[in-house]
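>>> following is a predicted model, sequence given first.
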Amino acid sequence: MVACVAGIVLSLLGATAVLAVTGVALGPGPAASPAVREARAVATPSPTAPAASPVVAAPTSAPTPTVSVPAPVATPTLAARPTVAPAPAPTRRVAGAFVLTVGVTDGDTIKVRVGATTERVRLIGLDAPELKGDECWAQKASSKMQSLVQSRSVRLVADPTQDDRDRYGRLLRHVVTEDGRLAAKVLIEGGFAKEYTYRNAYEHRGDYLAAQKRAQARKLGVWSAACSAPVVAAPAVPGTTTKPSSCVIKGNISSSGEKIYHVPGGGSYDATVITASKGERWFCTEDEARAAGWRKARN
C-alpha cells in the first residue's frame, strides 16, 4: 500500500515538473489529500539560502587633519577724505584772446583791432630807434616788428608792475606772437632795440637784459659800429642834470649820439628818461636846448 502511494506521488511530481518546464500553468484543481501533501513536502527540497558573503571590513581611512582656518581680519573702515580740488596753475594776466595787428608805428608801438576799436599798444621793456628822428637802425627796427606781427594775431599781456595806459592813451602791454615769442625780446636780442625800464622793473626784465648782452657781444644793430658814434658830453650850461621846477624839456641823446629834446605832450616825452651819466639834461626853454646843440623831436 505504501509502495503504491509512493508511486502515485512520484508520478504526480514528475507531471508537475514537466508542466513547469513547458510553462503550462496549473489551475487550482482539487485539493490534494494529506498523504499527497506529505509526499510533496518530503520530495521538495528546501531552498538553500545563499551563502553569506564574507564581511570585509572597510579600510579605515586615515583621519583627515584638521586645519585651523584663521578668522578673517576685519578691514578697518576709514572715514572718507574730503575731496579737495587741485589748485589752479598760476596764469599770467592776459587781456582777452588773440587780436589782429592792423599797423606798425615803429619798433616799439603797434596798432591792433579789439572788437570794433583800433588800439595803439606800446610794448613794455624796450625802446626802439625813432623813425621820425632818423635815428640809426630805426627803419630796420620797424621792418623787423612788421615781419613779426603785421596782419597777424598777437596776444596782449598786461603787467601788474606797469600802468594800464601811458599818458597818450596807449595800452602798455607785453606782445606775444602766434608762436609764443615775446616780440620785445626778439627785437632786443637782434639789436633792433634796447632794453628800457620806465619807473618800475617789469616782468621778463632779466630775460631782456640777458638778450641785450648777447646783442652787444655780437655787435648787432644799434650796437654795431654804424650806430656807435661817440657821445659828446653836453656843456654844463645851459641846461641842468637836475630837473628844476620850471624846466620840463628833456634833452635826450640817442643811441647814435644824436641830441634830441622832447617837450611835454610829445610822442616820446613820457618814455624818455634823462640819464646824466650819458650827458643828457633838462632845459627850461627850447631856445636853451637849441643853443646847446639839441634839435626838437619830430613826434
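That came through, no problem.
>>> wait, Arg205 sits on Tyr196?
No: counting by CB atoms under 8 Å, Arg205 does not reach Tyr196; the two are 9.9 Å apart. C-betas here are computed from N, CA, C, even on glycine.
>>> which regions of the stretch 101-250 of the chain lie under the pLDDT threshold?
Along the stretch 101-250 of the chain, the model assigns pLDDT under 70 to residues 229-246.
>>> just the helices in it please.
Along the stretch 101-250 of the chain, counting by DSSP state H, counting those that start in this stretch, helices occupy 138-149, 183-189, 205-218.
>>> how does the chain divide into domains?
99-227, 229-299 (automatic domain parsing).
>>> looking at the helices of the stretch 101-250 of the chain, which is closest to Ala97?
For Ala97, the closest of those is helix 138-149, at 15.6 Å, according to CB to CB.
>>> what's the closest one in contact with?
101, 104-108, 110, 128-131, 175, 177, 181, 183, 186-187, 190, 192-193, 221 (CB atoms under 8 Å, 6 or more residues apart in numbering).
>>> ok so, going back, can you lay out the helices of the stretch 101-250 of the chain as a markdown table showing mean neighbour count and distance to Arg298?
Below are the helices of the stretch 101-250 of the chain laid out as a markdown table (neighbours: other CB atoms under 10 Å; distance: least, CB to CB, whole Å):
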| stretch | mean neighbour count | distance to Arg298 |
| --- | --- | --- |
| helix 138-149 | 20 | 11 |
| helix 183-189 | 25 | 21 |
| helix 205-218 | 16 | 26 |
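>>> contacts only, for the closest residue to Ala128 other than its chain neighbours.
Leaving aside its sequence neighbours, Ala128 sits nearest to Gly107 (CB to CB, 6 or more residues apart in numbering; 2.6 Å). Contacts for Gly107 (CB under 8 Å, 6+ apart) come out as Leu126, Ala128, Pro129, Ala138, Ala141, Ser142, Lys144, Met145, Leu187, Phe192, Ala193.
>>> okay, strands next: where are they in the chain?
Applying DSSP state E to the chain gives strands spanning 99-104, 109-114, 117-123, 126-127, 153-157, 171-176, 194-195, 249-253, 259-262, 281-283, 295-296.
>>> counting by contacts, list what the third one packs against.
Meaning strand 117-123. strand 109-114, strand 171-176 (3 or more CB pairs under 8 Å, 6 or more residues apart in numbering; DSSP states H and E).
>>> what lines up beside it in the sheet?
With DSSP bridges as the test, strand 117-123 is paired with strand 109-114 (antiparallel), strand 171-176 (parallel).
>>> what's the answer for the last one, then?
Partner strands and pairing direction for strand 295-296 (DSSP bridges) are strand 259-262 (parallel).
>>> using CSV, list the CA coordinates for the strand it pairs with.
The C-alpha coordinates for strand 259-262 follow below in CSV (Å, rounded to 0.1, in the frame of the first residue of the first chain):
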residue,chain,number,x,y,z
LYS,A,259,70.9,165.1,-29.3
ILE,A,260,67.1,165.4,-29.4
TYR,A,261,64.9,167.3,-27.0
HIS,A,262,61.4,166.4,-26.1
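>>> what lies in contact with that strand?
So strand 259-262 is contacted by 130, 133, 234, 249-254, 268-269, 272, 283, 286, 289, 292-297 (CB under 8 Å, 6+ apart).
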